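Q: Whatever this is, show me its structure:
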Amino acid sequence: MSAVSATPVDDDHFARRLRRLEDKESLRALMIHGWRALDRKDWRTWITCWSEDAVLEFGPWERVHGRDAILTKVVETEAPYTTMQHHILNMDFEVQGDRATGVGYMWFVAVAGAGPVSSPYAMGGPYDWEFSRGTDGWRLTRQRLGVWWTTGEDTLGAFTEGE
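A: Presented below is the predicted three-dimensional model:
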């Protein structure tokens with residue numbers, strides 16, 4: 001029985017498929033790594049997921065431009081919460097060379113005070129992402145986040161329209 005050898009066309013096809021899968025896994029890992037850091041209030045790790053000229057668009061807030069401004073806004077808003085959980089669900093990515101887009105869903109839960117009597121505030125909605133690949137890997141260049149639902153009371157007023 002003779003061994004079947006792959007042709008250069010097959011090798012190229014498999015290399016492209018492997019690269020696409022690796023890119024998608026890198027994007028998924030970037031988001032999970034960054035948002036777990038956000039839950040720990042490890043702001044420096046989280047902000048490294050963003051490009052220098054990134055844009056954050058979030059329903060109750062004005063559009064935020066630039067990594068430093070994004071960091072300032074998120075720390076100002078989320079630091080007062082005792083505990084947070086950022087769940088990113090149903091992530092899906094499309095890669096085209098050194099650019100990528102992605103979608104997912106947010107389920108965010110925050111507790112303003114310690115103890116069992118604290119009532120959590122939660123919200124959920126769609127994520128829409130854009131990424132670029134540089135010499136240091138994939139970075140988030142734009143995030144649009146909508147709010148479709150909330151539950152509980154935003155006692156700190158951090159996520160309320162007009163606050």
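Q: only C-alpha atoms for contact and neighbour calcs from this point on.
A: Fine.
Q: Can you list the low-confidence ranges for this protein?
A: 1-9, 114-118, 161-163 (pLDDT under 70).
Q: got the residue ranges for the strands in it?
A: Counting by DSSP state E, one finds strands in the chain at the ranges 50-58, 64-65, 83-96, 99-111, 121-134, 137-145, 149-151.
Q: now for the longest helix along the chain, which elements pack on it?
A: In the chain, taking DSSP state H as the definition, the longest helix is helix 8-39. If you count contacts as 3 or more C-alpha pairs under 8 Å, 6 or more residues apart in numbering; DSSP states H and E, helix 8-39 packs onto helix 43-47, strand 83-96, strand 137-145.
Q: Give the buried residues for that helix.
A: Under the neighbour-count criterion of 16 or more other C-alpha atoms under 10 Å, helix 8-39 has 20, 23-24, 27-28, 30-32, 34-39 buried.
Q: before we move on, what about stretch 60-77?
A: Across stretch 60-77, burial judged by 16+ other C-alpha under 10 Å covers Val64, Gly66, Arg67, Ala69, Ile70, Leu71.
Q: Nearest to Pro126 among those?
A: Using C-alpha to C-alpha, Val64 comes nearest to Pro126 of the buried residues of stretch 60-77, at 17.8 Å.
Q: Quick one: residues contacting that closest one.
A: Val64 is in contact with Val55, Leu56, Glu57, Ile70, Lys73, counting by C-alpha atoms under 8 Å, 6 or more residues apart in numbering.
Q: switch the cut-off to 10 Å
A: Residues near Val64 by C-alpha atoms under 10 Å, 6 or more residues apart in numbering: Ala54, Val55, Leu56, Glu57, Phe58, Ile70, Leu71, Thr72, Lys73, Arg142.
Q: And Ser132, by the same measure?
A: Counting by C-alpha under 10 Å, 6+ apart, Ser132 has contacts 50-51, 95-101, 138-142.
Q: Let's see that with 6 Å instead.
A: Applying C-alpha atoms under 6 Å, 6 or more residues apart in numbering, one finds that Ser132 lies in contact with Asp98, Arg99, Trp138, Arg139.
Q: Compare those residues and tell me which is most surrounded.
A: Among the contacts of Ser132, the one with the most neighbours (other C-alpha atoms under 10 Å) is Arg139, at 23 neighbours.
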